[in-house]
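>>> Please work out how this folds:
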Amino acid sequence: MAKLTIDGIEVEVPNGSTVLQAAEAAGREIPRFCYHERLSIAGNCRMCLVEIEKMPPKPVASCGMPVSDGMVVHTDTEMVRKGRRGVMEFLLVNHPLDCPICDQGGECDLQDEAMAYGRDHSRYDESKRAVSQPDWGPLVKTTMTRCIHCTRCIRFTTEVAGVAELGATQRGESTQVGTYVQKALSSELSGNIIDLCPVGALTSKPYAFTARSWELRKTDSIDVLDAMGSAIRVDARGAEVMRILPRLNDDVNEEWLGDKSRFAVDGLKRRRLDRPWLRENGKLRPASWEEAFAAIAAKVKGLAPEKLGAIAGDLCDAESMLALKDMMGALGAANLDCRADGAVFDTTNRAFYLFNTSLAGIEEADALLIIGANPRHEAPVLNARIRKAWLSGGLKQIGVIGPARDLTYPAEIVGDGPGALKALVDGAHPFAAALKAAARPMIILGSGALARADGAALQAAAWALAGQAGALRADWHGFNILHHAAARVGGLDLGFVPGPGGKSTRAMLGGGVDVLWLLGADSVDVDAIGADTFVIYQGHHGDAGAARADVILPGAAYTEKDGTYVNMEGRVQRGYLAVKPPGDAREDWRIIRALSAYLGHALPYDTLEQLRAHMGELNPLFAANAPFRRLGVSDGVAPSADGVALGEAPFAPLLKTYYQTDPISRASPTMAACVAAHAPALAEAAE
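Residues are numbered from 1 along each chain as shown. Alright, predicted model coming up:
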């Protein structure tokens, strides 16, 4: 540790820290444009100037100056102030004065720093530089005349996203940041460069010229378009969600957000269900709530419980799933399943279906095997964590069983199907030795692999391999399931699975029930539903489930309700209402509560607080203020293969495209534009 004095404040920081980091520890603010704590140091902008005693009498860039014991630093001397004013004056020499039309206005670092540290006038009287505006695809809008060459975007795409598409060409005043050859950015994390850009050079193309930051109502919430549970902020104006931005959460998403989660926001106002619908004579017609409930009651009352089933979709909140489970239980039905993709695996132990290492724990692993998953598409922010661990040098060995692909970090292709997993369990493949030699090995099994007919056998084999590799210990749990559905872990924790004698998703779809309740279940194969099955669809978009429904009950999207979600690592999180549902749509649990009373089986709660109290009684994990605990393995229990043998078919990709995986993103014009922009690259990769 090094001790130094900053503006008279003595502070102790680790050796190797920079003066800027030490100043932050001392509570002193130093302006900067190019420096970012999650990126490498560039030292481009020279705004972070300080004065250091016993050094040549000139300002020093604090972001690149390492601390030393006994150093005395001054951050606000006359020399420092003059230096910062000079730097700011040079930055503004070519920066256009177009703040009134710039989308960055009101939340621009350059505006703030110019007000706080710049001059009150400019001596520049010449023509300003102008450069062309390259097209980087449908997400990022470029106005490179405003660029100050901080290179944050270049460093992010290269270091964090792992897609080295951006760079700087030419020199000096002629420097330009671009993609060398004009093309759309291909990273699933490209939207983060908008947040990183300290000026208005990079802004959101779908959000362009729509709102100002001070007009927006800001609500903290949780993303549900993948299973990571990323912390987000929902910005709304009136009844419309205008944009979604990431929030800081070092344990989950750090400060990054996937492009789908950020830009699919325009899908929230398209193809919405805002009134009940009822099918008569083969056609859907608008109906009242009374008519919809009466139609459901006519089908349900007197129906044998084994002929009634319910499937929860990928975006459901825990409250709605528990309400539906309670109502089905009151009706005597045991046909429940939250695994809308048809996955069948052992759920008797919570460790069998969690990402047990935890998201932050990825950085502690030194060997990794990925089985039947593509983290880059299924959870791009998690994939960035893996890349971060590899870049740090801690994660030395990475193996993949599945189709060869670019994961943004080097990986050894161990095989393409279950045969490679069996060879690892038997010790016949060299990568098995690498796993055993690791101090903290880690295995990631994709949820798409569990939807195969041999899913239970794959789960059991992956667990056995983790045990052989020493990944199942009291101080380290290296077995992980990579989920893609935000509702999956919450549903399993609440027991939304077939009860005694109950049918699974596959059995219910195959004509096993006469009345099927689809709670936001749009990923099911609707063509497999029996022709005579009466389908009740409750959801917020007119997607596949609604098209097959006989009764449609309009629900609320995740931005329109207070809801509880459990991410893939088992962390219980809360999302909050940002705007009200459109039209006659209502929160899902309220619809179910109202219908239960109509059916004569009123549920024992009338408010959200009562429902959550009941949820906490059912499972203490959902109790208020229940802490998240990262646990090791304390018993020798292993998942059962249920007599299923490993198959031979190779693993197939779970997602056809990253950009359209749920009703919201499928309704988004921006996501459709992304699919069109990347279609040639996807076709080339498929070949």
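>>> Strands of the stretch 101-250 of the chain, residue ranges please.
140-142, 167-169, 176-178, 202-204, 217-222, 231-237, 240-246 (DSSP state E, counting those that start in this stretch).
>>> With distance to Trp589, mean pLDDT and mean neighbour count as added columns, please give those strands in CSV.
(Each C-beta comes from the backbone N, C-alpha and C, glycine too.) Below are those laid out as CSV (distance: least, Cβ to Cβ, whole Å; pLDDT from 0 to 100; neighbours: other Cβ atoms under 10 Å):
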stretch, distance to Trp589, mean pLDDT, mean neighbour count
strand 140-142, 38, 97, 22
strand 167-169, 51, 93, 13
strand 176-178, 49, 93, 19
strand 202-204, 33, 97, 22
strand 217-222, 17, 97, 17
strand 231-237, 20, 97, 21
strand 240-246, 21, 97, 20
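>>> Identify whichever of those lies nearest to Pro441.
strand 231-237 (29.0 Å; Cβ to Cβ).
>>> Quick one: residues contacting Ile401.
Leu369, Ile370, Ile371, Gly372, Val414, Gly415, Asp416, Gly417, Ala420, Leu421, Phe651 (Cβ atoms under 8 Å, 6 or more residues apart in numbering).
>>> Could you rerun that using 10 Å?
369-373, 413-421, 423-424, 429, 431, 445-446, 449, 458, 462, 650-651 (Cβ atoms under 10 Å, 6 or more residues apart in numbering).
>>> For it, give the beta-bridge partners.
Counting by DSSP bridges, Ile401 is bridged to Ile371, Gly415.
>>> could the strands of the stretch 101-250 of the chain go into a markdown table alongside distance to Val579?
Below are the strands of the stretch 101-250 of the chain laid out as a markdown table (distance: least, Cβ to Cβ, whole Å):
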| stretch | distance to Val579 |
| --- | --- |
| strand 140-142 | 25 |
| strand 167-169 | 40 |
| strand 176-178 | 36 |
| strand 202-204 | 19 |
| strand 217-222 | 8 |
| strand 231-237 | 5 |
| strand 240-246 | 6 |
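>>> Mind checking those strands for the one nearest to Ile52?
strand 167-169 (29.5 Å).
>>> contacting residues around that closest one?
44, 147, 149, 151, 154, 157-158, 175-180.
>>> buried subset of these?
Buried subset of the contacts of strand 167-169 (neighbour count, 16 or more other Cβ atoms under 10 Å): Asn44, Cys147, His149, Thr151, Ile154, Thr157, Thr158, Val177, Gly178, Thr179.
>>> which one of those residues sits closest to Ala211?
Cys147 (23.5 Å).
>>> which residues sit in contact with the closest one?
94-95, 129, 131, 153, 168, 175-178, 197, 199-202.
>>> mind checking the SS state of Ile552?
strand (DSSP: H, G, I helix; E, B strand; the rest coil).
>>> Low-confidence stretches in the chain?
Within the chain, the segments meeting pLDDT under 70 span 681-687.
>>> what's downstream of the helix or strand where Val425 lies, the next helix or strand?
Using DSSP states H and E, Val425 maps to helix 418-426. Going down the chain from helix 418-426, the next helix or strand is helix 430-437, by DSSP H and E.
>>> and the next element down the chain from that next one?
Assigned by DSSP H and E, the successor of helix 430-437 is strand 441-446.
>>> ok so, going back, in helices, which of the contacts of strand 167-169 fall?
By the criterion of DSSP state H, membership of these in helices covers Ile154.
>>> follow-up on the earlier one: elements contacting the helix holding Val425?
Helices and strands touching helix 418-426, as assessed by 3 or more Cβ pairs under 10 Å, 6 or more residues apart in numbering; DSSP states H and E, comprise strand 367-371, strand 397-401, strand 412-415, helix 430-437, strand 441-446, helix 455-468.
>>> Identify, from the buried ones among the contacts of strand 167-169, the entry nearest to Asn249.
The closest of the buried ones among the contacts of strand 167-169, once distances to Asn249 are taken by Cβ to Cβ, is Thr157, at 22.0 Å.
>>> nearest residue to the closest one other than its sequence neighbours?
Leu166 (4.9 Å; Cβ to Cβ, 6 or more residues apart in numbering).
>>> wait, what's in contact with the one you found?
136, 151, 153-158, 177-180, 185, 187, 190, 193.
>>> Quick one: closest of the strands of the stretch 101-250 of the chain to Phe352.
That would be strand 217-222 among these, by Cβ to Cβ, at 24.0 Å.
>>> List of residues touching the closest one?
228-238, 241-242, 244-245, 247, 249, 252, 317, 486, 558-559, 562-565, 567, 571, 573-579.
>>> so what secondary structure elements neighbour the strand or helix carrying Leu20?
Per DSSP H and E, Leu20 falls inside helix 19-25. On a contact count with 3+ Cβ pairs under 10 Å, 6+ apart, helix 19-25 meets strand 2-6, strand 9-13, strand 49-52, strand 60-61, strand 72-74.
>>> Please work out which of the ones you listed is packed deepest.
Of all the helices and strands packed on helix 19-25, strand 49-52 has the most neighbours on average by mean count of other Cβ atoms under 10 Å, namely a mean of 23.
>>> Okay, now the sheet partners of it, with direction.
Strand 49-52 is paired, per DSSP bridges, with strand 60-61 (antiparallel), strand 72-74 (antiparallel).
>>> Just send those strands back as a markdown table, with distance to Ala613 too.
Listed next are the strands paired with strand 49-52 as a markdown table, based on distance: least, Cβ to Cβ, whole Å:
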| stretch | distance to Ala613 |
| --- | --- |
| strand 60-61 | 56 |
| strand 72-74 | 54 |
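>>> and of these, who's closest to Thr661?
The nearest among those, by Cβ to Cβ, is strand 60-61 at 44.1 Å.
>>> Can you give the contact residues for that closest one?
18-20, 32, 34-35, 41, 43-52, 73, 80, 83, 87.
>>> Buried subset of those as a ChimeraX selection?
Filtering the contacts of strand 60-61 down to the buried ones (16+ other Cβ under 10 Å) takes a single ChimeraX command:
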select :18,19,20,32,34,35,44,45,46,47,48,49,50,51,52,73,80,83,87
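>>> just the helices in the stretch 551-687 of the chain please.
588-598, 608-618, 663-666, 669-686 (DSSP state H, counting those that start in this stretch).
>>> Which strands and helices lie in contact with the second one?
In terms of contacts (3+ Cβ pairs under 10 Å, 6+ apart), helix 608-618 is packed against helix 318-330, helix 488-493, strand 563-566, strand 572-575, helix 588-598.
>>> With that, I have no additional questions.
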